[in-house]
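Student: Have a look; sequence and predicted model below, questions after that.
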Amino acid sequence: MTAPHLAIVGPTASGKSALALEVACAFGDVEIVSIDSMQVYRGLDIGTAKPTPAERAAVPHHLVDVADPGDEWSVARFQREARVAIADIERRGHRALLVGGTGLYVQAVIDPLAIPPEDRAVRDALLARTATPVGLAAAYDALQRADPAAAARIEPGNARRVARALEVLEITGRPFSSFGAGLQEFGPPVFPVRIAGVWLPRPVLNDRIERRFALMRAAGLVDEVRGLAGRGALSRTARQAIGYREVLAHLDGEMPVVDDAFAAAVVRTRQFARRQRMWFRRDPRIRWFGASGNPCSILPALLASWSA
RNA sequence: GGCCGGGUAGCUCAGUCGGCAGAGCACGCGCCUGAAAAGCGCGGGGUCACCGGAUCGACGCCGGUCCCGGCCA
């Protein structure tokens, strides 16, 4: 039995990655596993705040650059690959340091989530049918009859999730709800792990978000997006990355002024950070570490907590 | 200076034969099992530019003032 794995979660731009590198240097026996739905894509570097080659040379990083920008990524794929990576890390006698802000992915990795199978064609057909209010209402009705438990967990207006539940029903013949109680239950993780949450005051975080986008812009985000767009199609999943979607809209002429694109990206990042806060807040297994300014000031407390 | 158009929520704008003001976005609060940097629900907000007038009653009608845009001089 090895020592427990570690995890750092929190909203975007809260300084998790920098902290993780410090922790890795301090401990020496940890490898970083990025829990990030967009850093998996090769070529999406600047806008995803991906660790630099130097950082990746200093500390091994996993689940970064494992997909082509044209790939449709998914939670299930992440769950599989992350668990393989963690098993490998254990085999080397090391500890995994999970770092990231994609809440669903964190749970897919550390919780015993049985993710039902999918059939994209079936779901796309269902989504087409639920595209109108009338069609959605009919679909939700059908779900209520076939799987009341799932319907109770899904808002009637959420076409995405209604379609997904019906999809599972259609291709497996089993109710969606039979695959698990949902994400409300925070039982013991599938492996021992200590989870730290990074908390910053909202004005500080908002300020960091704004600065970071300015830096990304200066670092050539527009050119990066232009290159990706020119090289071929970005998948539906990849093209919605914050910053990429907005710059793409600018390059397509839908948003003529670049500054507007970046302003929109900043707004969407703030909204994203809020959803992340909501998501992580309800997980009682997270131990929170707050900083009033520089998130690296958390480091001593974090190391002390994890060394105990 | 003259003529025309406009001044309504933080922003962009809708609106009513005169009957206690709406939408989208933003913002706030929340939800979440194969797109999750996605998707969805709820909510707070306005002396309707200002001053005066007629009216039971004005954001709306009348008169004036200020500001913005366009055309003419």
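Tutor: That came in fine, so what should we check first?
Student: At which residues are the strands of chain A located?
Tutor: A:5-9, A:30-34, A:61-62, A:95-100, A:193-199, A:286-290 (DSSP state E).
Student: where does the stretch 101-250 of chain A have low pLDDT?
Tutor: Applying pLDDT under 70 to the stretch 101-250 of chain A flags the ranges A:183.
Student: For it, list the residues in contact with RNA strand B, please.
Tutor: Neighbours of RNA strand B within the stretch 101-250 of chain A, by Cβ under 7 Å from any atom of the strand: A:101-105, A:113-118, A:120, A:123, A:127, A:153-155, A:157-161, A:164, A:176, A:179-184, A:202, A:236-237, A:240-243. C-beta coordinates here come from the backbone N, C-alpha and C atoms, glycine included.
Student: OK, now which residue of chain A is nearest to RNA strand B?
Tutor: residue A:180 (1.2 Å; Cβ to the nearest atom of the strand).
Student: Going by neighbour count, which of the residues of the stretch 101-250 of chain A next to RNA strand B are buried?
Tutor: A:101-103, A:105, A:113, A:115-116, A:123, A:127, A:153-154, A:159, A:164, A:176, A:179, A:183, A:237, A:241-243 (16 or more other Cβ atoms under 10 Å).
Student: Filter the residues of the stretch 101-250 of chain A next to RNA strand B down to the ones in helices?
Tutor: Within these, residues falling in helices by DSSP state H are A:103-105, A:120, A:123, A:127, A:153, A:159-161, A:164, A:202.
Student: what's the most distant pair in the residues you listed?
Tutor: Greatest spacing in these, by Cβ to Cβ: A:120 and A:202 (37.7 Å).
Student: list the contacts for the closest residue to residue A:273 other than its chain neighbours?
Tutor: Closest residue in space to residue A:273, ignoring its immediate chain neighbours: residue A:11 at 3.9 Å, by Cβ to Cβ, 6 or more residues apart in numbering. Listed by Cβ atoms under 8 Å, 6 or more residues apart in numbering, the contact set of residue A:11 reads A:101, A:198, A:200, A:205, A:272-274, A:276-277, A:280.
Student: From those residues, which land in helices?
Tutor: The members of the contacts of residue A:11 that map onto helices under DSSP H are A:205, A:272-274, A:276-277, A:280.
Student: Would you format these as a markdown table with distance to residue A:295 and neighbour count included?
Tutor: Output for the ones in helices among the contacts of residue A:11, formatted as a markdown table (distance: Cβ to Cβ, whole Å; neighbours: other Cβ atoms under 10 Å):
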| residue | distance to residue A:295 | neighbour count |
| --- | --- | --- |
| A:205 | 10 | 24 |
| A:272 | 18 | 16 |
| A:273 | 13 | 22 |
| A:274 | 18 | 13 |
| A:276 | 15 | 19 |
| A:277 | 15 | 18 |
| A:280 | 15 | 20 |
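Student: ok, these vs residue A:231, which is closest?
Tutor: Taking Cβ to Cβ as the measure, residue A:272 is the one of the ones in helices among the contacts of residue A:11 closest to residue A:231, at 26.1 Å.
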